[in-house]
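Asks: this is a predicted model, with the sequence first.
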Amino acid sequence: MRRTIRRRGASDEDADINLTPMLDVVFIMLIFFIVTATFIKQAGITVARPEALTAEQKPTVSMLVAISLNGEIWIDKKRVDPTTVRAHLEKLFAENPKGGLVIQADKGSTNEKLVAVLNAARAAGLREVAISTERN
């Protein structure tokens, strides 16, 4: 009885590394990071917020409205006419009904614009409304 030992030849087919499992893991990690990422919302301008002793952090903020020193209203990095604030807030509220609204009013702005935004938020159905301040 004669034994024969077969030796594999060094062909290209045998030398390939299967990358499919590694690509699957990378794809799953990418999906995980996209789903768990938090996106920072910005109103569009920087305001000098007033100081307050009772300031506290709000965990669920989905909408930001900024009121500049000269009374301009900004939503999603766009200057908005005061008459269309309600429509913009209704649209944002329809996209995320669980989130709240934070108004970033400049400490030098008038109360008239702040009250106008608060009235528009109430008319749009928002109940979670806060005014952004600096901790004293």
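Replies: Perfect, I can see it now.
Asks: and after the helix ranked longest in the chain, which helix or strand comes next?
Replies: Secondary structure of the chain per DSSP state H: the longest helix is helix 20-36. Note on helix 20-36: by DSSP states H and E, the next helix or strand toward the C-terminus is strand 51-52.
Asks: how many neighbours does residue 109 have?
Replies: Applying other CB atoms under 10 Å, we find 21 other residues in the vicinity of residue 109. No exception for glycine: its C-beta is placed from N, CA and C like everyone else's.
Asks: what's the helix or strand for it?
Replies: Judged by DSSP H and E, residue 109 forms part of no helix or strand.
Asks: all strands of the protein, in order?
Replies: Taking DSSP state E, the strands of the chain run over residues 51-52, 61-67, 73-75, 78-80, 100-105, 129-131, 134-135.
Asks: chain center to the longest helix of the chain, what's the gap?
Replies: Distance, stretch centre to chain centre, for helix 20-36: 22 Å (CA atoms, centre = their mean, to the nearest Å).
Asks: who are the packing partners of that helix?
Replies: Applying 3 or more CB pairs under 8 Å, 6 or more residues apart in numbering; DSSP states H and E, one finds that helix 20-36 makes contact with no other helix or strand.
Asks: can you say which of the strands of the chain is nearest to residue 90?
Replies: strand 61-67 (10.7 Å; CB to CB).
Asks: and for the longest helix of the chain, what's in contact with it?
Replies: Here helix 20-36 makes contact (CB atoms under 8 Å, 6 or more residues apart in numbering) with no residue beyond itself.
Asks: and for stretch 82-101, what's in contact with it?
Replies: 58, 60-65, 73, 75-76, 80, 113, 116-117, 120-121, 123-126, 128-130.
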